[in-house]
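Student: Build me a model:
(chains A and B)
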Number of protein chains: 2
Amino acid sequence: LGGPRIKDVAGLSLSKLFVGSEGILGVVTEATLRLLPTPPPASTVVAVFPTVKAASEAVLDITGRLRPSMLELMDGVSVNAVEDMLRMGLDREAGALLLARSDAPHPAASAEAELIARLCRERGAETFASDDPEEGEALAGARRAALPALEKLGDLLLEDVGVPLPQFPALVAGIEGIAAEHGVTIATVAHAGDGNTHPVIVHRAADPESAARAAAAFGAIIELAISLGGTITGEHGVGRLKQPWLAAQLGPDTVALTRRIKEALDPAGILNPGAVLD
Amino acid sequence: LGGPRIKDVAGLSLSKLFVGSEGILGVVTEATLRLLPTPPPASTVVAVFPTVKAASEAVLDITGRLRPSMLELMDGVSVNAVEDMLRMGLDREAGALLLARSDAPHPAASAEAELIARLCRERGAETFASDDPEEGEALAGARRAALPALEKLGDLLLEDVGVPLPQFPALVAGIEGIAAEHGVTIATVAHAGDGNTHPVIVHRAADPESAARAAAAFGAIIELAISLGGTITGEHGVGRLKQPWLAAQLGPDTVALTRRIKEALDPAGILNPGAVLD
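Tutor: Model prediction:
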C-alpha cells in the first residue's frame, strides 16, 4: 500500500486506513517511511504561570496567532515531581509551566519565541527564552523527565484524551475537579498545542480501594473529553482499555461502518480479537 | 466522520478512507474544513532554462535542499502558448521555465528564493527573483494562464501522472519521446515539486485519426509513469477514463482488498458504478 509518490490518488487511501487500525484489519510486516529535511535550530520559551487556568488560556492565545513546533504544558504536580528528581531549580510554587518552541527559519524563530513569551506574560507568566539549542534541550529535559519522575510517586494510570483547542481550558479545569472529587492525585502533562492531554493518575495498584478510585477517575476523564466534543485517545489508541467508551464517541452509525469494514477484511474474526470493537 | 480534534486516533481513519474515494463507498453530503493561519507574503523566482532536461534536474537540486511552497514547471510549448495569449514578454526560445516560491517567515523567504535562483543558474538558467507580492502574482499569472492558452491550440486531453521525485527528469524526457513517436503536440505543465505532471495532449477531437493518436499517447504516458514506479493520477482521480490502468499500478492483491471494502459498504453496487473498479 502507498509508495514514494508525494501525490497519488489512484484507488482508495488504504495505507491511511491501515495506519492506526491497531491490528484489527491486518498485520503490518514492513513499513517504509519518508524522511523530511532536518528543521533549523529551534528557539525555546519557558513560561511559569500562577495557575493551570492562566496557562491553558495562554495556549489559546498562542495557537490563535501562530503554530509553534512544540507547545507543552506541565501542571504543578508534575513540575514538583521533576524538581524532586532533577533538582534543576524549577519553581515549586508554579501552577503550571508552558514549554514552547519555534523552528521557523532564522531569524523568524527568535521573533516567534518573543511573541509567545509576550502572550504568556500577558496571562501573568514569568518567561525565559533562549535561541541556544543546547540550553533549549536542557529546558525540554524537564518535560521529558515528567513520566519517570511521576513513577517515583506511585503506580500510574496514563490517560490520553484530547479536545478541540477552544475546549482545552475546560478540559484541564475539569481534570482538576475530577481529582478533587475522586480524592486522587492527577498530574497533567499535555501536548497543549494539539489539545492532547496526558493526565497521569497516581495510585497504589496493590490497594483495591486506591485502584478503584483511580479507575473511576479514569472513566470520568474520558466522559469529560467526550462531553467537550473531544476524543478518548489522541495518540495511544483504543486497545482493550478504552474499548467500552468508543461507541460513545463515534456514535452507532460510525461503529456500524467500522464493523462492516472489519468483517470484510477479517471474516473469521482472528485479527486482534477484543481490541477496539467488542 | 472526523472532527475538530487536531489529534484523534479513536477507531479507524474513516474520513481519510472516504476522501478521494470518488463516490464508490458513499456520498459526501457535507464537509467541514479546518483553516490554517494565512502564510506570510511569498518571495517568487522565475528561472528560464535552455532545455526541459536542465529544468527537471534543477527540480531535484531544489527539492533536495528545501521545500518551496510552489515549484511549477512549464515547457516551451506552454510558454509559447501563454505568450501568444498574454504578450507578457516570456522568452519564446525557452526550453522550460520554473516558477518557484518560498513563504518562509521574513526574511527567510528571500534567502530561500536566492538559494533556489542560484541552484537554477548552476543548471544554466537565467533567473529573476522578487519579494514583492504583486510582482510575484504577475509572474505566477503565466502558469495560471497555461490551460486557457493551450485551449486556443486545439482540443485538449489532460493527463495527471506523477512519479517519485528522482524519476521526474525521466518522466518529462519520456513524455517528449512519446510526443515525437506518436506525432502529437504535448505541452507539459507540472507541479514539479510534487513529481506531479499535467502533460496536455493537443489534438482535433473531430478528426478520428488525430483523436486516435492522442488516445495512444495518453495510454503511453500512463504506462511510462507506472514503469517509473509512479501513479496514473496524482490529483484528478481514476474515474472511468483511467480505470483500465488501475490494476497495473496497484497489483492484484490491492485490487482485491479494494473490492472487499467496496462490496462491504455497497453490496448492491449502486455507488458510482463503473468508476475506479470495473
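
Student: How about the stretch 151-278 of chain A: which residue is closest to chain B?
Tutor: Taking C-beta to the nearest C-beta as the measure, the stretch 151-278 of chain A has A:A264 as its residue closest to chain B, at 3.5 Å. All C-beta atoms are positioned from the backbone trio N, CA, C, and that covers glycine.

Student: Show me which residues of the stretch 101-250 of chain A sit near chain B.
Tutor: The stretch 101-250 of chain A comes close to chain B at residues A:104-108, A:111-112, A:162-165, A:191, A:193-196, A:229-238, A:242, A:246, A:249-250, as judged by C-beta under 8 Å from any C-beta of the partner chain.

Student: Swap in 6 Å and give it another go.
Tutor: A:104-105, A:108, A:162, A:164, A:194-196, A:231-234, A:237-238, A:249-250 (C-beta under 6 Å from any C-beta of the partner chain).

Student: rewinding a little: which helix or which strand is home to the residue of the stretch 151-278 of chain A closest to chain B?
Tutor: helix A:252-265 (DSSP states H and E).

Student: swap in A:A206?
Tutor: If you go by DSSP H and E, A:A206 is not part of any helix or strand.

Student: what ranges do the strands span in the stretch 101-250 of chain A?
Tutor: Along the stretch 101-250 of chain A, counting by DSSP state E, counting those that start in this stretch, strands occupy A:126-130, A:155-158, A:185-191, A:196-203.

Student: Those strands into JSON lines, with extra columns for mean pLDDT and mean neighbour count?
Tutor: JSON lines is the format used below for the strands of the stretch 101-250 of chain A (pLDDT from 0 to 100; neighbours: other C-beta atoms under 10 Å in any protein chain shown):
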{"stretch": "strand A:126-130", "mean pLDDT": "96", "mean neighbour count": "17"}
{"stretch": "strand A:155-158", "mean pLDDT": "96", "mean neighbour count": "16"}
{"stretch": "strand A:185-191", "mean pLDDT": "98", "mean neighbour count": "24"}
{"stretch": "strand A:196-203", "mean pLDDT": "98", "mean neighbour count": "24"}
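
Student: Reformat the ones you listed as JSON lines; add distance to A:A212.
Tutor: JSON lines is the format used below for the strands of the stretch 101-250 of chain A (distance: least, C-beta to C-beta, whole Å):
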{"stretch": "strand A:126-130", "distance to A:A212": "40"}
{"stretch": "strand A:155-158", "distance to A:A212": "12"}
{"stretch": "strand A:185-191", "distance to A:A212": "15"}
{"stretch": "strand A:196-203", "distance to A:A212": "9"}
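
Student: just so I know, which of the ones you listed lies nearest B:S56?
Tutor: strand A:185-191 (40.2 Å; C-beta to C-beta).

Student: Give me the contact list for that closest one.
Tutor: Here strand A:185-191 makes contact (C-beta atoms under 6 Å, 6 or more residues apart in numbering or on different chains) with A:73-75, A:77-78, A:146, A:150, A:172, A:175, A:179, A:197-202.

Student: picking up where we left off before, nearest to B:V27, out of the strands of the stretch 101-250 of chain A?
Tutor: In terms of C-beta to C-beta, the element of those nearest to B:V27 is strand A:196-203, at 31.8 Å.

Student: Output that closest one as CSV, nothing but the C-alphas.
Tutor: The C-alpha atoms that make up strand A:196-203 are tabulated as CSV, following Å, rounded to 0.1, in the frame of the first residue of the first chain:
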residue,chain,number,x,y,z
ASN,A,196,-4.0,16.4,23.6
THR,A,197,-3.5,15.7,27.3
HIS,A,198,-1.9,13.0,29.4
PRO,A,199,-3.5,13.2,32.8
VAL,A,200,-1.5,10.8,34.9
ILE,A,201,-3.5,9.2,37.8
VAL,A,202,-1.1,8.4,40.6
HIS,A,203,-2.4,5.5,42.8
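
Student: Give me the contacts around the lowest-mean-pLDDT helix or strand in chain A.
Tutor: Ranked by mean pLDDT, DSSP states H and E, the weakest helix or strand in chain A is helix A:133-144, scoring a mean of 92. Residues from elsewhere that reach helix A:133-144, judged by C-beta under 6 Å, 6+ apart: A:P41, A:A42, A:T44, A:V46, A:E72, A:V82, A:L99, A:S130.

Student: Could you double-check that the third one sits in contact with A:A100?
Tutor: No - with contact defined as C-beta atoms under 6 Å, A:T44 does not count as touching A:A100 (7.3 Å).

Student: Helix B:252-265 and the helix holding A:A264, what's the angle between them?
Tutor: Interaxial angle of helix A:252-265 relative to helix B:252-265 (axes from the mean of the first three to the mean of the last three C-alpha atoms, to 10 degrees): 140 degrees.

Student: distance between helix A:252-265 and the chain's centre?
Tutor: The chain centre lies 27 Å from the centre of helix A:252-265; the measure is C-alpha atoms, centre = their mean, to the nearest Å.

Student: and that helix, what other elements does it pack with?
Tutor: With contacts taken as 3 or more C-beta pairs under 6 Å, 6 or more residues apart in numbering or on different chains; DSSP states H and E, helix A:252-265 sits against helix B:252-265.

Student: one step back: and which of the contacts of strand A:185-191 is nearest B:E22?
Tutor: A:T197 (37.3 Å).

Student: For B:E22, which of the strands of the stretch 101-250 of chain A is the nearest?
Tutor: Of all those, strand A:196-203 comes closest under C-beta to C-beta, at 32.2 Å.

Student: and the angle from that closest one to strand A:185-191?
Tutor: Using the same axes, to 10 degrees, strand A:196-203 lies at 160 degrees relative to strand A:185-191.

Student: wait, A:L246 sits on A:V238?
Tutor: Yes - A:L246 lies in contact with A:V238 (C-beta under 6 Å); the separation is 5.4 Å.

Student: Looking at the two, which is more packed in?
Tutor: Neighbour count, other C-beta atoms under 10 Å in any protein chain shown: between A:L246 and A:V238, A:V238 has more, with 22 against 19.

Student: which SS state does the closest residue to that one other than its chain neighbours fall under?
Tutor: Once flanking residues are discounted, A:V238 sits nearest to A:V276: 4.7 Å by C-beta to C-beta, 6 or more residues apart in numbering or on different chains. Secondary structure, DSSP: H, G, I helix; E, B strand; the rest coil: A:V276 is coil.

Student: what's the burial count for A:V276?
Tutor: Count around A:V276 with other C-beta under 10 Å applied: 22.

Student: my guess is it contacts A:I24, does it?
Tutor: Yes - between A:V276 and A:I24 there is a contact at 5.3 Å, judged by C-beta under 6 Å.
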